[in-house]
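>>> Can you look at this prediction? I've put the sequence above it.
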Amino acid sequence: MKKLISFGFVLTMIIANSTELFAQTGTKGIIYAGSSSARGSKGIYVLEFDQQKGTLKELQTVTEGSSPGFLAFSPKKDFLYSIYGTGTLGDGNGAVMSFKIDPSTGFLKKVNEQSVGGKGPAHISIDPKGRFAYTANYGDASVTVFPINADGSLAKASDYVKHTGSSINPQRQLRPHPHSSIPSADGKFLYVSDLGTDRIVIYEVLNEGKLKPAAVPFVQVTAGSGPRHFKIHQNGKFAYSVDELSNTIVGFKVNKKTGALKTIERLSMLPEGYSEVTYASDVHFSPDGKFIYATNRGHESVVIYSVNNRNGKLKMLGHESTGGKHPRNFMISKSGEYVLVGNSNTDNVVIFNRDNNTGLMKPNGVQHTIPAVTCLIEL
């Protein structure tokens, strides 16, 4: 009997962790790509990533809804969550869907769907403890919170918060535009980059899935900057905002107890003397936290900085052409050996080899076609 119980326990543990094992063993892994519904785009693409050759192969497409723009994993990576410009519920609003990940193939199977309650969701993130999904709704000036059930399905929204305010750009900042929502590593706080008000809004996350303004409820960035995406360093001490309209990156010192942000420095993401129209988009750290990368749309480049782990300051190391137009999103492989850039307007994912020591990158000669690609994440 003891042997039987022991075997059953081991078998249960293997099944529970099979997705993680699948993703980490061998030379092939899985990457998921979101896309806008344009130029023949099919939806969410499931891709095999050969980590030895640095190549992609299409395995599955999920054609639910319209414009699955941004994707996020559950903490155990057994579920994938996606926002949609238009879902299948028929209410005319944006939607969020849950998909079960097959641990042996990486394929997706829809679990359920919920309305975000408004228009234009731009970003989704998942609470580090797996309790909630957060959507930043650019078109509706709102943030929605969805509790996540034990089976990975999404419950109806537990909170829906409207932003107010404006800023100085008459074309882009007449009203709020939440563009991303990033939880702290302990799940206590949620940082919402609002392009329309030039604020990074800070919420305290309550256990019942409600958002409460933090003790310091926001940090104001330079007028007309348009904060878009936000990342917290692995050490939890520093955070960085890429500001779309000014093409700048801003470093902050993080107060872990209150969630408050204090500005360290504000730097251009462009080469000295560059004066053409361009907009910042995405930002990511290297796996070891020594480097940070961000993309410029217009200049069509990835800018590379080293990170001073003591004071959070950045040093620009250079730029690399993205090999396409409008690099809306990119990812760095878990090994740090590859950077994959999704060029939305030229429908191509360009793969770069990356040097873990210098942080520099160069194209490996491989591209993969995905119409209107908007998001790339690795299982």
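Okay, I see it. Numbers count the residues shown, from 1 in each chain.
>>> quick one: T374 and P68, what's the gap?
In this view, T374 and P68 are 8 Å apart by Cβ to Cβ, to the nearest Å. C-betas here are computed from N, CA, C, even on glycine.
>>> what is in contact with the two at once?
Common neighbours of T374 and P68 are listed as 34-35 (criterion: Cβ atoms under 8 Å, 6 or more residues apart in numbering).
>>> quick one: which of those two has more around it?
A direct count of neighbours by other Cβ atoms under 10 Å for T374 and P68 places P68 higher, at 33 against 22.
>>> Surely the more buried one forms part of a strand?
No - under DSSP: H, G, I helix; E, B strand; the rest coil, P68 sits outside any strand and is assigned coil.
>>> Could you pull up the residues touching the residue nearest to K212 when sequence neighbours are not counted?
In this structure, K212 finds its nearest non-sequential neighbour in E204, 4.5 Å apart by Cβ to Cβ, 6 or more residues apart in numbering. By Cβ under 8 Å, 6+ apart, E204 lies in contact with 188-189, 211-215, 259.
>>> now the helix or strand encompassing Y305: mean pLDDT?
Using DSSP states H and E, Y305 sits within strand 301-307. Average pLDDT, strand 301-307: 98.
>>> What is the distance between that strand and the centre of its chain?
Strand 301-307 sits 17 Å away from the centroid of its parent chain (Cα atoms, centre = their mean, to the nearest Å).
>>> Which strands or helices does that strand pack on?
Contact partners of strand 301-307 among helices and strands, from 3 or more Cβ pairs under 8 Å, 6 or more residues apart in numbering; DSSP states H and E: strand 291-297, strand 314-321, strand 327-332.
>>> try it again with 6 Å
strand 291-297, strand 314-321 (3 or more Cβ pairs under 6 Å, 6 or more residues apart in numbering; DSSP states H and E).
>>> just the strands in the stretch 201-350 of the chain please.
Applying DSSP state E, counting those that start in this stretch to the stretch 201-350 of the chain gives strands spanning 211-220, 227-232, 238-243, 248-254, 261-268, 279-285, 291-297, 301-307, 314-321, 327-332, 338-343, 348-354.
>>> Neighbouring strands - and their directions - for the fourth one?
In its sheet, strand 248-254 lies beside strand 238-243 (antiparallel), strand 261-268 (antiparallel), with partners assigned from DSSP bridges.
>>> Ok, which of the ones you listed comes nearest T144?
Proximity to T144 (Cβ to Cβ) singles out strand 238-243 among these, at 21.5 Å.
>>> Would you mind putting the CA coordinates of that closest one into PDB?
In PDB, the C-alpha atoms belonging to strand 238-243 read as follows (Å, rounded to 0.1, in the frame of the first residue of the first chain):
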ATOM      1  CA  PHE A 238      13.800  49.600  -9.700                       C
ATOM      2  CA  ALA A 239      11.200  50.000 -12.500                       C
ATOM      3  CA  TYR A 240      11.200  51.500 -16.000                       C
ATOM      4  CA  SER A 241       8.600  53.100 -18.200                       C
ATOM      5  CA  VAL A 242       8.800  53.500 -21.900                       C
ATOM      6  CA  ASP A 243       6.900  56.600 -23.000                       C
END
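>>> now the angle from it to strand 291-297?
Computed by axes from the mean of the first three to the mean of the last three Cα atoms, to 10 degrees, the angle separating strand 238-243 from strand 291-297 equals 10 degrees.
>>> Hey, what's the angle from strand 238-243 to strand 301-307? Just curious.
Here strand 238-243 points in a direction 160 degrees away from that of strand 301-307 (the same axes, to 10 degrees).
>>> Between strand 211-220 and strand 238-243, find me the angle.
Strand 238-243 and strand 211-220 are oriented at 70 degrees to each other (the same axes, to 10 degrees).
>>> All the helices of the protein, residue numbers only.
Shown for the chain, the helices assigned by DSSP state H span residues 2-16, 18-24.
>>> how about low-confidence regions in the stretch 1-150 of the chain?
Within the stretch 1-150 of the chain, the ranges that satisfy pLDDT under 70 run 1-26.
>>> now swap in the stretch 151-300 of the chain and tell me
Within the stretch 151-300 of the chain, no stretch has pLDDT under 70.
>>> strands paired with the strand holding Y305, and their directions?
Here, using DSSP bridges, strand 301-307 pairs with strand 291-297 (antiparallel), strand 314-321 (antiparallel).
>>> Mean neighbour count, these: which tops it?
Mean neighbours per residue, mean count of other Cβ atoms under 10 Å, is largest over the strands paired with strand 301-307 for strand 291-297, with a mean of 24.
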